[in-house]
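1. Quick one, what's the 3D model for this:
(2 chains)
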Protein chains: 2
Amino acid sequence: MIKILIDCFGGDHSPQANIDGALAALAKTPDLYLIFTGDEKTIQDYLAGKTYDAERVEIVHAPEVIGCDERPIDVIRLKKESSMIKAVRLLRDREDINAMVSTGSTGALVAAALTRIGRVKGVIRPAFCPILPTMDGGIVGVCDSGANVEVTPEHLRQFAIMSSLYMQQVYGIEKPRVALLNVGKEAEKGDEIRQKAYILLQETSEIHFVGNMESRDLLSGSYDVVVCDGFSGNVLVKTTEGTALELLKKLKKDIYSRTLYKMGAFLMKKMFADEKEFMNYQNYGGSVLLGTSKTVVKGHGSSKAVAVEKCIEQAYKMEVSSLSSKMEEIIMKYEHYEY
Amino acid sequence: MIKILIDCFGGDHSPQANIDGALAALAKTPDLYLIFTGDEKTIQDYLAGKTYDAERVEIVHAPEVIGCDERPIDVIRLKKESSMIKAVRLLRDREDINAMVSTGSTGALVAAALTRIGRVKGVIRPAFCPILPTMDGGIVGVCDSGANVEVTPEHLRQFAIMSSLYMQQVYGIEKPRVALLNVGKEAEKGDEIRQKAYILLQETSEIHFVGNMESRDLLSGSYDVVVCDGFSGNVLVKTTEGTALELLKKLKKDIYSRTLYKMGAFLMKKMFADEKEFMNYQNYGGSVLLGTSKTVVKGHGSSKAVAVEKCIEQAYKMEVSSLSSKMEEIIMKYEHYEY
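-> Numbers count the residues shown, from 1 in each chain, chains lettered A, B, ... in the order given. Modelled structure (predicted):
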């Protein structure tokens, strides 16, 4: 049985989306067991009348609510009875629990996970790895997308090892093509960190390093995972999402400006719906935090049920593939490496 | 008379696009004088038969060609008779010349400009400021987009002063809204550099600092210029361009997949052409290098005539607005500021 904690609050559509998504995952996965954290009465009321296997669902009462502008450090210290921090503490304390999924504050979740849960042996810094759709119908991971705004070349090598394993084990990509985000393709591009990382990545035989990637090629389908510091990774992911959304918005506005366009768009209705669906990040799950000793998945704050379901699927797959132990094995080979 | 050097070679469509764009600018601007650098015979042959005011055109022979994979440092040292380096040297040596436009190697141009041309008094690091279209029909500048992969808070403050003046003087934006690129809106987000820069920007009364910007909001129309280090600025600009291009490519492919869609797209032909034109960076000119003592504009390697013409227009406007002296005046107020 894979036991996964669901932080039922903290998202824009909580707790409904979180619970609905969780029950959908539960129905599909016979050896999945869920522990909901949050206000017990609210959760019970919402569950009443739903059809699900109650034998595989547990509720842990956590009445406190985290405010939007609370600092992560205060959340950890002062909001121990919030649905998120309660889940983190259960994940740490209960050996039978494997993973957790949250759609709450990223800052609080990272801080709590890093200080309370511990890391896979040898891992210096856990890192986020969200998934984006590529234009050829595939996917690409970006690691790190924001957990570490400052990095060293050694961190980048670890991000590469962890995310390559993740793409392989969870998404079935046999030999993930790993790239380093840089301002040019040539090995000597970028700052000293990038130049040194390039050499380290080349030397790491466990990954298939294909060189530097310029950000304009992210969606080309030529790469399976891109390694970067959390600052530029955050820019990379959010710019991609933002540009796609703004463009679709503009198209829609322009279509409504002329009757002829409206007629044309009517014929293309299904196509536009498909494009929108294709670019809807809800369909690609959440950001997995790689390198913590137990699996933590961060869903987008605006996650609907389908996104929460995907997050649970990601957590489940990470657990059944024993990602952590494989990670440890490779990371430990390089642990004492000094550049 | 404003005298501008045109490096006629080094772009994908050189020398035709460079010369055609230059002649178009010449025809529109009575007090513009052009100096073409490059192989004299090739330029003369291409000019033969064209109608233009020959009194305002000069050719300086520069026969050497820069290879794609030559290192910037070698280009400066060994290719003194190339069209780019010859232009940089003329810009430095001839007092009557105001500016230069090049579509050649960015690395070589930055290195040559920084080592040969000198800076505006007080400027620590010149920075690039390309312009992107926003979804409400406006524009937004990004400074720095790649000249400096590592920066300090003081550099970021200077980028803000320079780019704010640029948006004001060249694009007529009275009080440019200046934002700092960061991973979140709150003042304490990001690394130490960002946190300190936030404070410096707040203290700088000559600019209208509106706070941190998350990269997903770049095209929203809420900002006139975004300040960042050259690494993340490069990611920001190239991701935006790349996502827009990949999306348009996908739309096109999907349209061709079904007859119904082709019919719909036929009705929307003009709209799609407009979108393509809207997102065509050729229409927004080049990246101006801000902070050098004489104006240097870098056009995209793939610049066609219209883009080269825009680059010349940018250089011309910078010169007639006396941007450098205004820049110096503000920058010098903060020159001895130690954080």
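
2. How about the contacts made by residue A:86?
-> Counting by C-beta atoms under 8 Å, 6 or more residues apart in numbering or on different chains, residue A:86 touches A:37, A:60, A:62, A:80. In short, each C-beta sits where N, CA and C put it, glycine included.

3. And for residue A:252, the neighbour number?
-> Residues lying near residue A:252 (other C-beta atoms under 10 Å in any protein chain shown) number 12.

4. actually residue A:155, not the one I wrote
-> Other residues within reach of residue A:155, judged by other C-beta under 10 Å, total 21.

5. how far away is it from chain B?
-> 14 Å (C-beta to the nearest C-beta, to the nearest Å).

6. Skipping adjacent residues, who's closest to that residue in space?
-> Nearest non-adjacent residue to residue A:155, counting by C-beta to C-beta, 6 or more residues apart in numbering or on different chains: residue A:125, 5.3 Å away.

7. okay, which residue is most central for chain A?
-> residue A:287 (0.7 Å; C-alpha atoms, centre = their mean).

8. In contact with that residue, which residues?
-> A:128, A:129, A:130, A:145, A:297, A:298.

9. from the residues you listed, which is closest to chain B?
-> Nearest to chain B among the contacts of residue A:287: residue A:145, at 9.5 Å, using C-beta to the nearest C-beta.

10. Spell out the residue ranges of the helices in chain A.
-> With helices called from DSSP state H, chain A shows them at A:16-28, A:40-47, A:72-78, A:83-93, A:106-116, A:153-171, A:192-203, A:230-255, A:259-267, A:269-279, A:305-320, A:323-333.

11. Let's have these in CSV, adding mean pLDDT.
-> Putting the helices of chain A into CSV (pLDDT from 0 to 100) gives the following:
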stretch, mean pLDDT
helix A:16-28, 97
helix A:40-47, 96
helix A:72-78, 86
helix A:83-93, 96
helix A:106-116, 92
helix A:153-171, 97
helix A:192-203, 96
helix A:230-255, 92
helix A:259-267, 91
helix A:269-279, 87
helix A:305-320, 95
helix A:323-333, 93
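
12. that older thread, hmm, which two among the contacts of residue A:287 are most spread apart?
-> A:145 and A:297 (13.2 Å; C-beta to C-beta).

13. follow-up on the earlier one: turn the helices of chain A into JSON lines, columns for distance to residue B:310.
-> What follows is these, written out as JSON lines (distance: least, C-beta to C-beta, whole Å):
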{"stretch": "helix A:16-28", "distance to residue B:310": "47"}
{"stretch": "helix A:40-47", "distance to residue B:310": "57"}
{"stretch": "helix A:72-78", "distance to residue B:310": "46"}
{"stretch": "helix A:83-93", "distance to residue B:310": "51"}
{"stretch": "helix A:106-116", "distance to residue B:310": "40"}
{"stretch": "helix A:153-171", "distance to residue B:310": "38"}
{"stretch": "helix A:192-203", "distance to residue B:310": "32"}
{"stretch": "helix A:230-255", "distance to residue B:310": "22"}
{"stretch": "helix A:259-267", "distance to residue B:310": "29"}
{"stretch": "helix A:269-279", "distance to residue B:310": "31"}
{"stretch": "helix A:305-320", "distance to residue B:310": "42"}
{"stretch": "helix A:323-333", "distance to residue B:310": "50"}
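
14. Nearest to residue B:2 among those would be which one?
-> So among the helices of chain A, helix A:230-255 is nearest, using C-beta to C-beta, at 35.8 Å.

15. ok, and for the closest one, which residues are buried?
-> With burial defined by 16 or more other C-beta atoms under 10 Å in any protein chain shown, the residues of helix A:230-255 counted as buried are A:230-247, A:250-251, A:254-255.

16. And stretch A:91-109, by the same measure?
-> Under 16+ other C-beta under 10 Å, the buried positions of stretch A:91-109 are A:91-92, A:97-109.

17. how far does that stretch stretch from start to finish?
-> This stretch, stretch A:91-109, spans 13 Å end to end (C-alpha to C-alpha, to the nearest Å).

18. Would you mind listing what in the stretch 101-250 of chain A touches chain B?
-> Contacts of the stretch 101-250 of chain A with chain B, taken as C-beta under 8 Å from any C-beta of the partner chain, map to A:107, A:135, A:146, A:149-150, A:181, A:183-184, A:186, A:190-191, A:194, A:214-220, A:230-232, A:234-236, A:238-247, A:249-250.

19. Try it again at 6 Å.
-> A:135, A:146, A:149-150, A:183, A:190-191, A:214-216, A:219, A:232, A:234-236, A:238-244, A:246-247, A:250 (C-beta under 6 Å from any C-beta of the partner chain).

20. give me every residue that touches residue A:148.
-> A:125, A:230 (C-beta atoms under 6 Å, 6 or more residues apart in numbering or on different chains).

21. Same question for the one 4 residues further on.
-> Contacts were defined as C-beta under 6 Å, 6+ apart; by that measure residue A:152 touches no other residue.

22. That one and residue A:196, how far apart?
-> From residue A:152 over to residue A:196 the distance is 8 Å, taken as C-beta to C-beta, to the nearest Å.

23. cool, and residue A:118?
-> Taking C-beta to C-beta, one finds residue A:118 at 28 Å from residue A:196.

24. Likewise for residue A:204?
-> Counting by C-beta to C-beta - residue A:204 and residue A:196 are separated by 13 Å.

25. So which of these two has more stuff around it?
-> Between residue A:204 and residue A:196, counting by other C-beta under 10 Å, residue A:204 is the more crowded of the two (20 against 17).

26. For the more buried one, which non-adjacent residue is closest in space?
-> residue A:157 (6.0 Å).

27. and residue A:99, bridged to which residues?
-> residue A:4, residue A:295 (DSSP bridges).

28. If anything else comes up later, I'll come back, but that's it for now.
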